[in-house]
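> predicted structure and sequence below. I'll ask about it afterward.
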Amino acid sequence: DGGITQSPKYLFRKEGQNVTLSCEQNLNHDAMYWYRQDPGQGLRLIYYSQIVNDFQKGDIAEGYSVSREKKESFPLTVTSAQKNPTAFYLCASSFNNSPLHFGNGTRLTVT
Amino acid sequence: DQQVKQNSPSLSVQEGRISILNCDYTNSMFDYFLWYKKYPAEGPTFLISISSIKDKNEDGRFTVFLNKSAKHLSLHIVPSQPGDSAVYFCAARVSSDYKLSFGAGTTVTVRA
């Protein structure tokens, strides 16, 4: 059963700590994306990767880092430099220019 | 600067009636448009799309209309059903680009 798995569903961290959100896909998609959703705002692109070992900054990359060592995996690290890290994070993938296929998200709360 | 705008944050409609969701965009380079549906605590799921070479695309109860001159698109849901209650996101991109720009979403509530 193909899809995107984001884990964990809920994550709590203290301010000043880095935290890594997992995203795994078994759809054999080349491109993967990280979006952030805040109340009353659309999804905003953090980072995206079109192929393994390559990734590009999106519109709000500051305070975040990613890696793409395997086609199936695109982890996102929220660093202590991110000023407002509390949000709902969505990972997505796509094949060529097909519509994005999303995971079920990780809700990160930083206190 | 938000390039895709959904100016109505919410919409309430009676079951069986038509739901009309609106979306405006500012980037004239956008040539591919999508609608996504999202339930709480889940990721968005793709609903319907339209290319700029068309002005209408239909899939069952869902129809998307595109007015390029007005930089406006709309989603019609007929008839509306209780399961349609969700947040609907409009999205757009340049077809040669991987980046997708999203609107803020419209929450649809279908009343019995």
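That came in fine, so what should we check first?
> in chain B, what residue lies closest to chain A?
In chain B, the residue that lies nearest chain A is residue B:43 (3.2 Å; C-beta to the nearest C-beta). Just so you know, the C-beta spots here come from the backbone N, C-alpha and C atoms, and that holds for glycine as well.
> measure how buried that residue is and give me the count.
Neighbourhood size, residue B:43 [other C-beta atoms under 10 Å in any protein chain shown]: 23.
> residues in contact with it?
A:4, A:6, A:90, A:92, A:102-105 (C-beta atoms under 8 Å, 6 or more residues apart in numbering or on different chains).
> just flag the most distant two among the residues you listed.
A:92 and A:104 (11.1 Å; C-beta to C-beta).
> look at those two and report which has more neighbours.
Per other C-beta under 10 Å, whichever of residue A:92 and residue A:104 has more neighbours is residue A:92, with 26 against 16.
> mind checking pLDDT for that one?
Looking at residue A:92, its pLDDT is 96.
> ok, residue B:41 next?
Reading off the model, residue B:41 has pLDDT 82.
> mind listing what it touches?
A:9, A:104-105, A:107.
> please list only the buried members of the residues you listed.
Among the contacts of residue B:41, those scoring as buried are A:104-105 (criterion: 16 or more other C-beta atoms under 10 Å in any protein chain shown).
> partner residues bridging residue B:87?
residue B:38, residue B:107 (DSSP bridges).
> that one contacts residue B:104, doesn't it?
No: counting by C-beta atoms under 8 Å, residue B:104 is not a contact partner of residue B:87; they are 9.5 Å apart.
> Three-state assignment for the residue most central in space within chain A, please.
Chain A has residue A:34 as the residue nearest its centroid, 3.2 Å off, counting by C-alpha atoms, centre = their mean. Here residue A:34 is recorded as strand under DSSP: H, G, I helix; E, B strand; the rest coil.
> now the strands for chain B?
Using DSSP state E, the strands of chain B run over B:4-5, B:10-14, B:19-25, B:32-38, B:45-51, B:56-59, B:62-67, B:72-77, B:86-93, B:101-102, B:106-111.
> distance from the chain centre to the fourth one, please.
Relative to its parent chain, strand B:32-38 has a centroid offset of 5 Å by C-alpha atoms, centre = their mean, to the nearest Å.
> do stretch B:91-100 as well
15 Å.
> what about that stretch, near chain A?
Yes: under the criterion of C-beta under 8 Å from any C-beta of the partner chain, stretch B:91-100 makes contact with chain A via B:91, B:95, B:98-100.
> what lies in contact with that stretch?
For stretch B:91-100, contacts defined as C-beta under 8 Å, 6+ apart pick out A:31, A:33, A:43, A:45, A:48, A:50, A:58, A:94, A:97, A:100, B:3-4, B:25, B:27, B:29-36, B:51, B:101-103.
> which residues does the residue in chain A that chain B sits nearest to bridge with?
Of all residues in chain A, residue A:102 sits closest to chain B, with a separation of 3.2 Å (C-beta to the nearest C-beta). On the basis of DSSP bridges, residue A:102 is bridged to residue A:92.
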